[in-house]
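# Got a predicted structure here, sequence first:
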Amino acid sequence: MRILLVDDDEIIVEVLTKLLVQQNYVVDVARDGEAAWELVEGFQYDLILLDVMLPKLDGISFCRRLREQKSPVLVMLLTACDTTTDKLQGLDRGADDYVVKPFNVQELAARVPALTRRGSSSPYPTLVCGHLHLDPNLHEVNYQEHLLQLSRKEYLLVELFLRNQKRIYSCRDIIDELWAFDAEPPNEWTVRSHITNIRRNLKAVGADNFLETVYGQGYRINPTFIKKSNHSTHISNVNTDKQENSDASITEIWQHTKNLTFEGLIVLEQVISSLVFGIFDAELLKDGIQKAHKLAGSLGMFGFEQGSFLARQIEVLLESSFHVESHFSLGYQQKIEQLLIYLCQDLEVTTNTNELINLTGKKLEELSQSEQINAKVLAVDDDPQILLTVQTLLEPLGVQLTYLTNPDRFWETVPYNQPEFLILDIYMPSGTEGLDLCRAVGQNDDWNWLPILFLSSCTDVETLQKAFVIGADDYLTKPIVPKELLIRISNGLQRISTIKNQMETNLIK
């Protein structure tokens with residue numbers, strides 16, 4: 001089987017090439033859209049792994065041109081764009097699958113053969129677990145010759161478990177697998193309802209407790225139903241060996257490509273320096289955006305999930321600088337600089353290398369020496385457990401914390417409480433969103449100086465960009481990392497203190 005890999009990120013190309021070659025695929029590589037098109041015209045491919053953001057000819061245009069020429073080749077898009085609109089756009093232009101960076105290489109390795117089977121005209125093999133049989137060709141599920149009456153989603157849910165018989169799926173995992181491209185995906189109660197219906201059907205034919213609940217984690221096939229044959233054991237061992245070999249290869253690749261990562265960090269430092277001195281260098285800024293984009297894609301493959309997320313935030317802010325003039329303010333520079341510090345810290349802690357300075361560690365040492373923050377903080381979140389965690393964390397440091405579970409009481413609380421720092425969640429059930437409150441605070445003459453930190457479970461780029469554009473000073477994702485939250489609050493308070501001191505000095509002059 002021949003695969004064309006089209007990506008301009010050297011690290012991603014090396015990782016995927018090595019992984020695919022280990023699985024006995026023939027891999028050709030192109031680093032821009034035009035070079036890829038020349039290869040497509042000269043060779044016949046079974047699958048094209050195609051990055052969306054490419055030099056000379058972007059992935060979407062490439063895919064559209066491919067389909068206009070009636071090419072049947074399978075296309076899997078690789079991209080950092082994670083919104084439903086982006087996914088639908090790619091599929092609408094003729095892509096067969098869509099993988100979001102940073103991706104898990106083992107998952108990608110599994111999706112490649114699954115996609116090629118989907119594009120094949122040969123019959124699919126029956127999936128078996130004990131006496132349960134699923135025929136993908138007839139779309140039927142039988143248990144001891146009894147045909148189960150399942151809805152389409154329930155059939156897909158059973159298929160998901162049978163293809164991954166030892167995996168535990170949370171409700172969120174299931175939603176991501178079965179409703180990935182829906183404009184309005186369901187909530188977890190819908191998933192639980194489908195699980196209940198499947199269990200009811202299975203119980204009626206004598207397969208009670210086929211799907212068991214693993215409390216605190218999700219659902220899986222009850223191990224007692226999994227057929228333990230020599231063949232399945234052999235396959236499991238082979239897959240385990242392949243995964244171990246892949247993991248070792250990825251570690252090896254990181255050791256000799258990490259210098260490229262650090263070169264990307266140096267470019268980002270140069271971008272920040274140019275902004276500090278008021279120099280707008282369009283080419284340098286574009287280079288910084290490209291480096292941040294590549295870091296966001298490649299770091300996740302090596303296990304730096306937090307680093308990948310931070311690089312994505314930097315990319316979003318730099319891209320916004322082309323459109324939002326206010327981002328060239330001191331606050332904008334400080335946001336990017338702080339994100340870069342956290343990114344450097346994440347890489348150093350994880351790799352135990354000496355290439356980067358532990359800036360956050362120094363900050364923590366300063367906090368421990370001063371011990372007391374002594375500030376009034378107002379937190380608005382509908383999750384009482386989160387508020388309790390924040391309270392437990394901050395009050396021993398002298399923080400006077402006021403918390404609201406009802407954002408509608410915000411404006412009656414602020415004048416009485418006189419907060420010096422504000423923590424908001426993005427979405428709350430009362431109808432008033434954290435983004436609306438952030439915008440309102442920024443438009444209020446009495447409170448537009450108040451530093452605002454979003455503490456949210458939302459990690460998509462669109463929400464992140466929206467938060468910074470409307471006036472957020474910082475953004476932290478749940479679950480809470482205690483030390484990081486302390487540092488972010490301390491930094492916000494110090495920035496406000498510096499600004500106030502400068503204003504007082506100017507008044508005296």
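The structure has been received and is ready for your questions.

# mind checking the SS state of N142?
The local conformation at N142, judged by DSSP: H, G, I helix; E, B strand; the rest coil, is strand.

# which phi and psi does the nearest residue to it once chain neighbours are set aside have?
Nearest residue to N142, sequence neighbours excluded (C-beta to C-beta, 6 or more residues apart in numbering): H133, at 4.9 Å. The C-beta positions use only the backbone N, C-alpha and C, and glycine is treated the same way. The phi/psi pair for H133 (degrees, to the nearest 10) reads phi -120, psi 130.

# Hmm, V141 and H133 touching each other?
Yes - between H133 and V141 there is a contact under C-beta atoms under 8 Å: 7.2 Å.

# F210 - how many residues pack around it?
Neighbour count of F210, defined by other C-beta atoms under 10 Å: 23.

# Around the residue nearest to N142, how many other residues sit close by?
16.

# and it, how far is that from P186?
28 Å (C-beta to C-beta, to the nearest Å).

# Identify the bridge partners of the residue nearest to N142.
Note on H133: beta-bridge partners by DSSP bridges are V128, N142.

# Can you tell me the SS state at the closest residue in space to L16 that isn't next to it in sequence?
Of all residues not flanking L16 in the chain, L5 sits nearest, at 5.8 Å (C-beta to C-beta, 6+ apart). Secondary structure state of L5, per three-state DSSP, is strand.

# Kindly report the same for Y475.
Classification of Y475 using three-state DSSP returns strand.

# thinking it is in contact with A467, fair?
Yes - counting by C-beta under 8 Å, A467 is a contact partner of Y475 at 5.7 Å.

# what touches both of those two?
F454 (C-beta atoms under 8 Å, 6 or more residues apart in numbering).

# So what's the predicted local confidence for the residue nearest to L16?
Note for L5: predicted pLDDT of 91.

# Then the one 5 residues further on?
Predicted confidence (pLDDT) at E10: the value is 83.

# And the next helix or strand past the lowest-mean-pLDDT helix or strand in the chain?
The helix or strand of the chain with the lowest confidence, counting by mean pLDDT, DSSP states H and E, is helix 359-370 at a mean of 44. Under the assignment DSSP states H and E, the closest C-terminal helix or strand after helix 359-370 is strand 376-380.

# for that following strand, packing partners?
helix 384-394, strand 400-404, helix 410-417, strand 421-424 (3 or more C-beta pairs under 8 Å, 6 or more residues apart in numbering; DSSP states H and E).

# for the ones you listed, which one ends up most surrounded?
Sort the helices and strands packed on strand 376-380 by mean neighbour count, taking mean count of other C-beta atoms under 10 Å, and strand 421-424 sits at the top with a mean of 26.

# How about residues contacting it?
375-381, 390, 434, 437-438, 441, 450-455, 489, 492-493.

# could you dump it to PDB, C-alpha only?
Extracted in PDB, the C-alpha atoms of strand 421-424 (Å, rounded to 0.1, in the frame of the first residue of the first chain):
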ATOM      1  CA  PHE A 421      -8.800  40.200  40.700                       C
ATOM      2  CA  LEU A 422     -11.600  38.300  38.900                       C
ATOM      3  CA  ILE A 423     -11.900  34.600  38.000                       C
ATOM      4  CA  LEU A 424     -14.600  33.600  35.500                       C
END
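
# Each with direction, which strands does that strand pair with?
strand 376-380 (parallel), strand 452-456 (parallel).

# quick revisit: for G288, which of the helices and strands packed on strand 376-380 is the nearest?
Of all the helices and strands packed on strand 376-380, the one in closest proximity to G288, counting by C-beta to C-beta, is strand 421-424 (28.5 Å).

# how far does the closest one sit from the chain's center?
24 Å (C-alpha atoms, centre = their mean, to the nearest Å).

# could you point out which element follows that strand?
Counting by DSSP H and E, what follows strand 421-424 is helix 434-443.

# That following helix to strand 376-380, inter-axis angle?
Computed with axes from the mean of the first three to the mean of the last three C-alpha atoms, to 10 degrees, the direction of helix 434-443 lies at 140 degrees from that of strand 376-380.

# Give me the helices and strands touching helix 434-443, please.
Helix 434-443 packs on strand 421-424, strand 452-456, helix 461-469, going by 3+ C-beta pairs under 8 Å, 6+ apart.

# would you turn these into TSV with distance to G307?
As requested, these are exported to TSV (distance: least, C-beta to C-beta, whole Å):
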stretch	distance to G307
strand 421-424	24
strand 452-456	19
helix 461-469	15
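
# what's the most buried one of the ones you listed?
Buried most deeply of these, by mean count of other C-beta under 10 Å, is strand 421-424, with a mean of 26.

# And the average pLDDT for it is what?
90.

# Of all the helices and strands packed on strand 376-380, which one comes closest to D446?
Using C-beta to C-beta, the helices and strands packed on strand 376-380 put helix 410-417 closest to D446, at 8.4 Å.

# Quick check: which ranges of the stretch 301-450 of the chain have low pLDDT?
301, 303, 320-334, 348-373, 429-431 (pLDDT under 70).

# Show me what V377 is bridged to.
L401, F421.

# residues near it, how many?
By the criterion of other C-beta under 10 Å, V377 has 25 neighbours.

# Using the record's assignment, carve the protein into domains.
Listed by automatic domain parsing, the domain ranges of the chain are 2-118, 131-226, 254-357, 367-509.

# Columns distance to P125 on top of the ones you listed, output as JSON lines?
Formatted as JSON lines, these follow (distance: least, C-beta to C-beta, whole Å):
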{"stretch": "domain 2-118", "distance to P125": "9"}
{"stretch": "domain 131-226", "distance to P125": "8"}
{"stretch": "domain 254-357", "distance to P125": "30"}
{"stretch": "domain 367-509", "distance to P125": "36"}
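
# residues of stretch 36-55 that come out buried?
Buried positions in stretch 36-55, judged by neighbour count with 16 or more other C-beta atoms under 10 Å: 36-37, 40, 45-54.
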